[in-house]
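**Student:** what's the 3D shape of this:
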Amino acid sequence: MIDPHRNALRKTFLNFLFVLPLLFFSLLLTACPDGGGDQSIRIPRTYFVAPSSQGGSDLQPGTADAPFATITHALNAADEGDTVQVAAGTYRPGSSGLPTDPGERFPLRIKEGVSLVGEPAGAAQGTVIQGSGTHTSASAGAFRAAMILTEGAAISRLTVRSDGEVGVVAEGVNGEISHVQFTNNETGALLISSNVSISNNTFSGNTIGIQSMLGDSSRLEQNTIQSNTGDPGIGVLISDAGPALLQNQVTGNPGGGVVIDGQSNPDLGGGGRSDGANTLSCNGTADLINNDDSAIFARNNLWDHLDPNDIDAVDNGAGIIDTTGAGIAAQSCG
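**Tutor:** Numbering: from 1, shown residues only. From the prediction side, this is the model:
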């Protein structure tokens, strides 16, 4: 005699075996919405660059043993998260026309999320970027520059010489600039509406060391900004912006150490973004010049005089400069 309960149980079991693969496949599609395509995680790469005299060639794969010859080629190959490691040497526009080493194409555009790292200047010359090309800014028009920083990009351990133009431009981006020497530029770093970390750099021999403008809120920390002697010869020029300055050495700039124009709200100490500890000393005209009507926080800094006077801090507008907690610079000027 056939047991109906047993047949029903057998039928249920067979249905379960049929549904199980469908259920598994459905879960797989949920975990892989693109239909189960390649979900592998991309591992960041490091591309290497060396002068052709050191074996670099743009026809090589850009490895440590077979580096590219130009930074331009490496930046074209790099993707977000990658690093371009550049050997010591001077990288400039080329004239050979050879595919192995065509020279650099300026301005160098540092791709989003890419790090460009050189060799620091020491006993040897380090990694030198020399040259410029036309760049059109959305807010400042057309000018020549050596490098363009894009969102999340970083540069370090370089010497940047644009031959009288702009060294590095950052416009509307976050990024990092560290351990870079800026020299022989009209403006070393031009910061427009950005939030860039500028740390442990040297700005010397430029017309303007750093220009912060149009809502820029970058952080300038532990930089040496000295002897920028061209016309106007300003260390830091702030125009309608609010950067934070802390622990910088701003000295020997004949047109002024820090000059503030427009509707600006920089923090040189005590304004919530900076603890001060800047050295503002031995600059021509004055160490800090406020042409704005705003109150400027400049607490806990080192000046040429214990009670900062009009050689130290000049207020040409209707605002005030708060120099509470002032101290004397180690090598003050009278």
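**Student:** what is the burial count for Ala138?
**Tutor:** The tally of other residues near Ala138 (other CB atoms under 10 Å) stands at 9. Just so you know, the C-beta spots here come from the backbone N, C-alpha and C atoms, and that holds for glycine as well.
**Student:** partners of the closest residue to it other than its chain neighbours in the sheet?
**Tutor:** With CB to CB, 6 or more residues apart in numbering as the criterion, Ala138 has its nearest non-adjacent residue at 6.7 Å, and that residue is Glu171. Following DSSP bridges, Glu171 is listed with bridge partners Ile192.
**Student:** measure Val180 to Leu214 for me?
**Tutor:** To Leu214, Val180 is 22 Å away according to CB to CB, to the nearest Å.
**Student:** between the two, who's got more neighbours?
**Tutor:** Comparing Val180 with Leu214 by other CB under 10 Å, the one with more neighbours is Val180, at 29 against 17.
**Student:** quick check, that one in a strand?
**Tutor:** Yes: using DSSP: H, G, I helix; E, B strand; the rest coil, the assignment for Val180 is a strand.
**Student:** these two touch, right, it and Arg161?
**Tutor:** No: using CB atoms under 8 Å, Val180 is not in contact with Arg161, being 11.1 Å away.
**Student:** ok, back up a step: what about the residue nearest to Ala138, neighbour count?
**Tutor:** Around Glu171 there are 20 other residues, counting by other CB under 10 Å.
**Student:** likewise for Val117?
**Tutor:** Number of residues near Val117 (other CB under 10 Å) recorded here: 18.
**Student:** my guess is it contacts Arg157. True?
**Tutor:** Yes: counting by CB under 8 Å, Val117 touches Arg157, with 5.7 Å between them.
**Student:** what's the local residue count around the nearest residue to Gly215 once chain neighbours are set aside?
**Tutor:** Residue nearest to Gly215 in three dimensions, not counting chain neighbours: Ser193, with 4.7 Å by CB to CB, 6+ apart. Ser193 has 19 neighbouring residues, counting by other CB under 10 Å.
**Student:** likewise for Ala326?
**Tutor:** If you count neighbours by other CB under 10 Å, Ala326 ends up with 21.
**Student:** likewise the one 5 residues further on?
**Tutor:** Using other CB under 10 Å, Gln331 is surrounded by 11 other residues.
**Student:** name all residues that make contact with it.
**Tutor:** 251, 281-282 (CB atoms under 8 Å, 6 or more residues apart in numbering).
**Student:** what strand or helix carries it?
**Tutor:** Taking DSSP states H and E as the definition, one finds Gln331 inside no helix or strand.
**Student:** could you check the pLDDT of it?
**Tutor:** On the pLDDT scale, Gln331 is placed at 90.
**Student:** same thing with Gly317?
**Tutor:** pLDDT, Gly317: 80.
**Student:** spell out the secondary structure type for it.
**Tutor:** Reduced to three states with three-state DSSP, the structure at Gly317 is coil.
**Student:** tell me which stretches of the stretch 51-200 of the chain form helices.
**Tutor:** Assignment of helices within the stretch 51-200 of the chain using DSSP state H, counting those that start in this stretch yields the ranges 71-77.
**Student:** distance of the residue nearest to Gly215 relative to Val166?
**Tutor:** Distance, Ser193 to Val166, using CB to CB: 16 Å.
**Student:** try Asn174
**Tutor:** With distances taken as CB to CB, Asn174 is found 19 Å from Val166.
**Student:** of these two, who's got more company?
**Tutor:** Neighbours of Asn174 and Val166, each counted by other CB under 10 Å, are more numerous for Val166; the result is 27 against 16.
**Student:** now that one. Nearest residue, chain neighbours left out?
**Tutor:** Excluding the flanking residues, the one nearest Val166 by CB to CB, 6+ apart is Ala145, at 4.1 Å.
**Student:** the one you found contacts Glu171, doesn't it?
**Tutor:** No: look at Ala145 against Glu171 with CB under 8 Å: they stay out of range, at 10.5 Å.
**Student:** if I look at the residue lying closest to Gly270 once chain neighbours are set aside, how far off is Asn278?
**Tutor:** Computed as CB to CB, 6+ apart, the closest residue to Gly270 that is not its neighbour in sequence is Arg299, at 3.3 Å. Per CB to CB, Arg299 is found 10 Å from Asn278.
**Student:** give me the common contacts of these two.
**Tutor:** Common neighbours of Arg299 and Asn278 (CB under 8 Å, 6+ apart) are 268-269.
**Student:** looking only at neighbour counts, state which of these two leads.
**Tutor:** The neighbour count for Arg299 versus Asn278, taken as other CB under 10 Å, is higher for Asn278 (31 against 19).
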